[in-house]
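Asks: when you get a sec, could you give me coordinates for this:
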Amino acid sequence: MAADPARTPALVTRAPAKVNLTLHIRGRRADGYHDLESLVCFAGVADTLRLVPGDTLSLTLDGPTAIAAGDSEDNLVLRAARHLGERVPGLQLGAFHLTKRLPVAAGVGGGSSDAAAALRLLAQLNGLSLDDPRLMDAARASGADVPVCVLAQARMMAGIGDDLGPLLKLPPLFAVLVNPGVAVETRLVFSQIGLAPGTMGHAGKHPDVSKAAEFTALLPLLRKGRNDMEDAASVIAPSIAQVLGVLAVTPGCRLARMSGSGATCFGLFENCRSAARAAKVLRRDHPGWWAKATVLR
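Replies: Sure, this is the predicted structure:
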């Protein structure tokens, strides 16, 4: 049963950054979509989404990256809400307020995670289960990365984002996320890669990480993986290569890689202290970069 808006207080949830620990391009389908395989996890850094139940659907924004997020009327939060409303008759809506902290067009799924957060809040307000087929259908209609962000837990993602593996219990990964302050369009990265429709890759299977319960077991498996978009993104935004180079030589960094289609990169560290020190040094030496120490799960 849907909640009574007159008695329901504002609902609040986090929209965490999505990090692609690996991103393999298995090929390009005949319809032009790229077939991907990616180990996805979620960070402690996040946007915040608030919903006040009401009769009118609306969205306001604030926060350090709100301006870069663009026109609120085209925001994925509203798009996801409308898609769910088309599938659930009488869906109770309301006024959303989004506080943007994550960089935009940055390879960490900020918009997709915001959209998934909207679906979670609407599900809570309307008494829907998160595995309701209508909710997941709305997630798929909202964007390729939205379905994996609904539960926001580590898992494998394949296809165009519609093939989700079982939830994984990864060890906590102490990380630093770094964005050099440039936006990278995913379509331009795919264009730079230039894979023709109907072409399949030959890079082999993704390492099985399902039994890696400790960081020492997971790290060598991650090193066997890769991000197939990294080289092309670095051509479009050379600062990505600079970030990766700096991260790779940062004391304590065990792995440096780009997330998604960039430009955000991550470095993995053995503990929270070394990650925090690294983030502090990076912000000092590169004041134009966005650098955050976090835990990936």
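
Asks: strands along this protein, start to end?
Replies: With DSSP state E, the ranges of strands along the chain come out as 11-20, 24-28, 34-54, 58-62, 93-99, 155-159, 163-167, 173-179, 253-258, 265-269, 290-296.

Asks: between those strands, which one is closest to Asn75.
Replies: strand 58-62 (5.7 Å; C-beta to C-beta). Every C-beta, even on glycine, is put in place using the N, C-alpha and C of the backbone.

Asks: how about the residue lying closest to Phe269 once chain neighbours are set aside, what does it touch?
Replies: Spatially, and ignoring its direct neighbours in sequence, Phe269 is nearest to Ala275 (4.1 Å; C-beta to C-beta, 6 or more residues apart in numbering). Applying C-beta atoms under 8 Å, 6 or more residues apart in numbering to Ala275 gives the contacts 174-176, 252, 267, 269, 293-294.

Asks: all helices of the chain, in order?
Replies: Along the chain, the segments classed as helices by DSSP state H run 76-87, 110-126, 133-142, 146-151, 186-193, 215-224, 230-236, 239-248, 272-285.

Asks: tell me which of those lies nearest to Tyr33.
Replies: Of all those, helix 186-193 comes closest under C-beta to C-beta, at 9.6 Å.

Asks: in that closest one, which residues are buried?
Replies: 186, 189-190, 193 (16 or more other C-beta atoms under 10 Å).

Asks: let me have those in a markdown table, extended by distance to Thr48 and pLDDT.
Replies: A markdown table is the format used below for the buried residues of helix 186-193 (distance: C-beta to C-beta, whole Å; pLDDT from 0 to 100):
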| residue | distance to Thr48 | pLDDT |
| --- | --- | --- |
| Thr186 | 25 | 96 |
| Val189 | 29 | 98 |
| Phe190 | 31 | 96 |
| Ile193 | 34 | 96 |
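
Asks: between the residues you listed, which sits nearest Pro180?
Replies: Val189 (15.3 Å).

Asks: how about that closest one, nearest residue that isn't a chain neighbour?
Replies: Closest to Val189 by C-beta to C-beta, 6+ apart is Ser261, at 4.5 Å.

Asks: count of residues packed around the one you found?
Replies: Around Ser261 there are 24 other residues, counting by other C-beta atoms under 10 Å.

Asks: can you lay out the buried residues of helix 186-193 as JSON lines showing distance to Ser234?
Replies: Formatted as JSON lines, those follow (distance: C-beta to C-beta, whole Å):
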{"residue": "Thr186", "distance to Ser234": "15"}
{"residue": "Val189", "distance to Ser234": "10"}
{"residue": "Phe190", "distance to Ser234": "14"}
{"residue": "Ile193", "distance to Ser234": "12"}
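
Asks: of the residues you listed, which is the nearest to Asn227?
Replies: Nearest to Asn227 among those, with distances taken as C-beta to C-beta, is Val189, at 10.5 Å.

Asks: wait, that closest one sits on Ser234?
Replies: No. Counting by C-beta atoms under 8 Å, Val189 stays clear of Ser234, with 9.7 Å between them.

Asks: now Leu247: how far from Asp285?
Replies: Distance from Leu247 to Asp285, counting by C-beta to C-beta, to the nearest Å: 12 Å.

Asks: residues touching Thr13, list them.
Replies: 48-49, 117, 120-121.

Asks: switch the cut-off to 6 Å
Replies: Applying C-beta atoms under 6 Å, 6 or more residues apart in numbering to Thr13 gives the contacts 49, 117, 120-121.

Asks: can you pull up the bridge partners for the closest residue to Gly44 other than its chain neighbours?
Replies: Computed as C-beta to C-beta, 6+ apart, the closest residue to Gly44 that is not its neighbour in sequence is Thr294, at 4.3 Å. Counting by DSSP bridges, Thr294 forms beta bridges with Ala175.

Asks: hang on, the earlier thing: just the buried subset of the contacts of Thr13, please.
Replies: 49, 117, 120-121.
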